[in-house]
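>>> based on what follows, work out the 3D shape:
(chains A, B, C and D)
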Number of protein chains: 2
Amino acid sequence: MATVSRVLNQKGYVHKDTVQKVHEAIEMLQYTPNDIARSLSKKSSKTIALIVPDITNPFFNELALAVEKVTQMYGYTTILCNTNDSPAVERQYIQTLKQKYIDGFIMATNTLSSNEIDQLQVPLVALDRFNFQTVPTISSKNREGARLAVQALLQQGCTKIMHIRGPKGLWIAEERCQGYLDLVEDLDWFTPKLIVNGNFQLKEASEAVNKIFETHPDIDGIFAGNDLMAIGALRVMQKRGIRVPDQVQIIGYDGIPLGEMVYPELSTVAQPIYEMGMLAARILIKKIEQQPLEEMNHQMDNELIQRGTTRHTS
Amino acid sequence: MATVSRVLNQKGYVHKDTVQKVHEAIEMLQYTPNDIARSLSKKSSKTIALIVPDITNPFFNELALAVEKVTQMYGYTTILCNTNDSPAVERQYIQTLKQKYIDGFIMATNTLSSNEIDQLQVPLVALDRFNFQTVPTISSKNREGARLAVQALLQQGCTKIMHIRGPKGLWIAEERCQGYLDLVEDLDWFTPKLIVNGNFQLKEASEAVNKIFETHPDIDGIFAGNDLMAIGALRVMQKRGIRVPDQVQIIGYDGIPLGEMVYPELSTVAQPIYEMGMLAARILIKKIEQQPLEEMNHQMDNELIQRGTTRHTS
DNA sequence: CTGTTAGCGCATTCAT
DNA sequence: ATGAATGCGCTAACAG
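Numbering: from 1, shown residues only, chains lettered A, B, ... in the order given. Now for the predicted structure:
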């Protein structure tokens, strides 16, 4: 019995012939090891959890794919948890998972206080969070990315640009909003009313844009904090019979595949989503296996991709 | 120790005062039970898995919400597994989960052979599958639903209706296609060329529709096997400058929220997604707990919802 | 009503 | 190089 354990884990000495025999027996008996017993004994489930706020957002799907790929390579299982933006659900998941010897978390949500996170007792890496001392963070250069977008809008003739921002208090939403402000705050047409909150949701963004066009019909540029909201804005333009990009130019943020499926195709600030997911997973596993981390805060570069919703030359 | 177990599980006799004292101790020590040990002992993890082919499809998200809701009510955890249409991934999940004492599966995929499913050894309920003898099935009345859509198209003046079907061999796709055929097969304009395969994906549907419009520019009605594909078709119309619903009318199938976010809003055959999810979960739990099932095959009613992509009167 | 005991299936000493 | 013994934290059967 101990011998079988040895060959399964490739640990300790075991004669070559015995290995062979064990494998034959396994085959014959259709034996599969019991992960639960293994977990109990090792105090580890070889499982990590990826916690996301909205599973229908393709951004998180791509992230999940990336995470799953590398965790699997290292022999870990990953389980996907969708909180639907509810902190209660998130806490519930964390609690349940901890009772199951979860080895680590990748948090792509921002609902928990840093206090709660510190008490976690389980390895953790955060996506799109503000610099922690204690937990590794991965994000793209949000402020810089936002500037990229607004600058393009400006250069391409926009004379009144609105911003659809993400949730208040959410780090990445603030940063992207700041990037927008950096470039337009001092222009004479600017007013804070040009910033509306879409909570990163298509529907809310649509409603907000629809409303602001009542009072500001002369807006000719829209920078959205993510692609979903940009698409929401695009819908509104179509509904109102406003031509994109002739009358209004739109740029989103994320670079999700859905952006290429709408018409006109969405211009966007593309994050290296897949790489961010892989990096997060690698770092988490390093942390779980107690290896030293070189860096705590990873900032990825973005790329401005101009497609059908902007009037770019060339 | 056994007493603690008793109060936690509310099983067996235990004095009221003792219960109190145990709870105080739990509070004091911040004790949380170890689910892994519990699972090992009970040979059950109190968790079930919902296996879906494409997590970005809002249909499955709504399903997941429903399933999660009822499983949680019964004290189960549910874990979401996205196979991304890969049978290999699906098998991998099943294997891994079985080794973790998973209590049951809800399969919203159709990749596995019924043979494999019979060997599963774990309670299972299937969504949108053909009538099994052994496993409970839930689906909507696909053929009837399809007829609902095509009939409306016909009545509202369409004289050449194409169908974007789902994957070959997939039961629900076949049924919906049959429903289409039921109504149009004998009409003089009909030709099998009017049926294209979009594999239930937005992108593939777009490409297929784009292609068929080269040879059949006089199509004035589109019935899509799901909403995602219908939206793909809508995109193509917009790209080609074809007015919807004036020149072409479109009806999808599913009733996902996304359908209300596009412009014009999508007409569709709405399935009771949430109810289907809840029903699936209830049945699975019944099966896990060895309660008798009254019925094996549940067929839900659909509702035709006409919105902006059709020219309905009233 | 409560404490003692054995066993769930594995990994990990320690002998041999 | 291999087998026997112990423990992971819990539940269930049994005594008391």
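
>>> separation between residue A:170 and residue A:109?
Plainly put, residue A:170 is 10 Å away from residue A:109 if you go by C-beta to C-beta, to the nearest Å. C-beta coordinates here come from the backbone N, C-alpha and C atoms, glycine included.

>>> any common contacting residues for the two?
Counting by C-beta atoms under 8 Å, 6 or more residues apart in numbering or on different chains, no residue touches both residue A:170 and residue A:109.

>>> contact residues of the stretch 1-150 of chain A facing DNA strand D?
A:1-3, A:6, A:12-15, A:17-18, A:37, A:40-41, A:43 (C-beta under 7 Å from any atom of the strand).

>>> again, 10 Å this time
For the stretch 1-150 of chain A, the residues in contact with DNA strand D (C-beta under 10 Å from any atom of the strand) are A:1-7, A:12-22, A:36-43, A:99, A:101.

>>> out of the residues you listed, which are buried?
A:4, A:6-7, A:14, A:22, A:36, A:38-40, A:99, A:101 (16 or more other C-beta atoms under 10 Å in any protein chain shown).

>>> keep only those of those that are in strands.
Nothing among these maps onto strands, per DSSP state E.

>>> residue B:249: which of those is nearest?
residue A:99 (53.2 Å; C-beta to C-beta).

>>> pretty sure the closest one is touching residue B:39, no?
No. Counting by C-beta atoms under 8 Å, residue A:99 sits too far from residue B:39 to count as a contact (10.1 Å).

>>> that older thread, quick check: which of the buried ones among the residues of the stretch 1-150 of chain A next to DNA strand D are also close to chain B?
A:36, A:39-40, A:99, A:101 (C-beta under 8 Å from any C-beta of the partner chain).

>>> show me what counts as buried in the helix or strand bottoming out on mean pLDDT in chain A.
When the helices and strands of chain A are scored by mean pLDDT, DSSP states H and E, helix A:114-118 comes last with a mean of 84. Judged by neighbour count (16+ other C-beta under 10 Å), helix A:114-118 contains these buried residues: residue A:117.

>>> how about stretch A:281-289?
A:281-288.

>>> does it come close to DNA strand C?
No. Stretch A:281-289 does not reach DNA strand C (C-beta under 10 Å from any atom of the strand); its nearest approach is 13.5 Å.

>>> next one, pLDDT for residue A:314 please.
At residue A:314, the predicted lDDT confidence score is 65.

>>> output the below-cut-off pLDDT ranges for the stretch 201-314 of chain A.
Within the stretch 201-314 of chain A, the stretches with pLDDT under 70 are A:314.

>>> spell out which parts of it neighbour chain B.
A:202-203, A:206, A:232, A:235-236, A:238-239, A:257, A:261-263.

>>> returning to that earlier point: okay if I get the buried ones among the residues of the stretch 1-150 of chain A next to DNA strand D as JSON lines plus distance to DNA strand C and pLDDT?
Compiled in JSON lines, those are given as follows (distance: C-beta to the nearest atom of the strand, whole Å; pLDDT from 0 to 100):
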{"residue": "A:4", "distance to DNA strand C": "7", "pLDDT": "93"}
{"residue": "A:6", "distance to DNA strand C": "6", "pLDDT": "94"}
{"residue": "A:7", "distance to DNA strand C": "9", "pLDDT": "94"}
{"residue": "A:14", "distance to DNA strand C": "11", "pLDDT": "91"}
{"residue": "A:22", "distance to DNA strand C": "12", "pLDDT": "94"}
{"residue": "A:36", "distance to DNA strand C": "7", "pLDDT": "97"}
{"residue": "A:38", "distance to DNA strand C": "4", "pLDDT": "97"}
{"residue": "A:39", "distance to DNA strand C": "8", "pLDDT": "97"}
{"residue": "A:40", "distance to DNA strand C": "4", "pLDDT": "97"}
{"residue": "A:99", "distance to DNA strand C": "16", "pLDDT": "96"}
{"residue": "A:101", "distance to DNA strand C": "12", "pLDDT": "97"}
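
>>> looking at those residues, which is nearest residue B:73?
Looking across those and measuring by C-beta to C-beta, the closest to residue B:73 is residue A:99, at 18.8 Å.

>>> tell me how many other residues surround the closest residue to the closest one other than its chain neighbours.
Closest residue in space to residue A:99, ignoring its immediate chain neighbours: residue B:35 at 4.2 Å, by C-beta to C-beta, 6 or more residues apart in numbering or on different chains. Using other C-beta atoms under 10 Å in any protein chain shown, residue B:35 has 21 other residues around it.

>>> I'd say residue A:114 and residue A:137 touch.
No. Contact criterion C-beta under 8 Å: residue A:114 and residue A:137 do not qualify, at 11.3 Å.

>>> confirm that residue A:61 sits in a strand.
No. Residue A:61 is assigned helix when assessed by DSSP: H, G, I helix; E, B strand; the rest coil, not a strand.

>>> so it sits against residue B:55, correct?
Yes. The criterion here is C-beta under 8 Å, and residue A:61 meets it with residue B:55 at 5.6 Å.

>>> so for the two, which residues contact both of them?
A:55, B:82.

>>> quick one on the thing from earlier: which among the residues of the stretch 201-314 of chain A next to chain B count as buried?
Buried among those (16+ other C-beta under 10 Å): A:202-203, A:206, A:232, A:235-236, A:238, A:257, A:261-263.

>>> adding secondary structure, write these out as CSV.
Conversion of these to CSV gives the following (three-state DSSP):
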residue, secondary structure
A:202, helix
A:203, helix
A:206, helix
A:232, helix
A:235, helix
A:236, helix
A:238, helix
A:257, helix
A:261, coil
A:262, coil
A:263, coil
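
>>> nearest to residue A:276, of those residues?
For those, the nearest to residue A:276 is residue A:257 (15.4 Å; C-beta to C-beta).

>>> for that closest one, give me its contacts.
A:58, A:62, B:203.

>>> residues in contact with the residue lying closest to the last one once chain neighbours are set aside?
In space, and not counting its chain neighbours, residue B:203 is closest to residue A:261: 6.0 Å by C-beta to C-beta, 6+ apart. For residue A:261, the set of contacting residues under the criterion of C-beta under 8 Å, 6+ apart consists of B:202-203, B:206, B:232, B:235.

>>> could you rerun that using 10 Å?
A:58, A:231, B:201-203, B:205-206, B:228, B:231-232, B:235 (C-beta atoms under 10 Å, 6 or more residues apart in numbering or on different chains).

>>> before we move on, what about residue A:42?
A:9, A:101, B:36.

>>> strands of chain A, start to end?
Under DSSP E, chain A gives strands at A:47-52, A:77-82, A:104-107, A:124-127, A:137-140, A:161-165, A:195-197, A:221-224, A:249-254, A:267-270, A:297-300, A:303-305.
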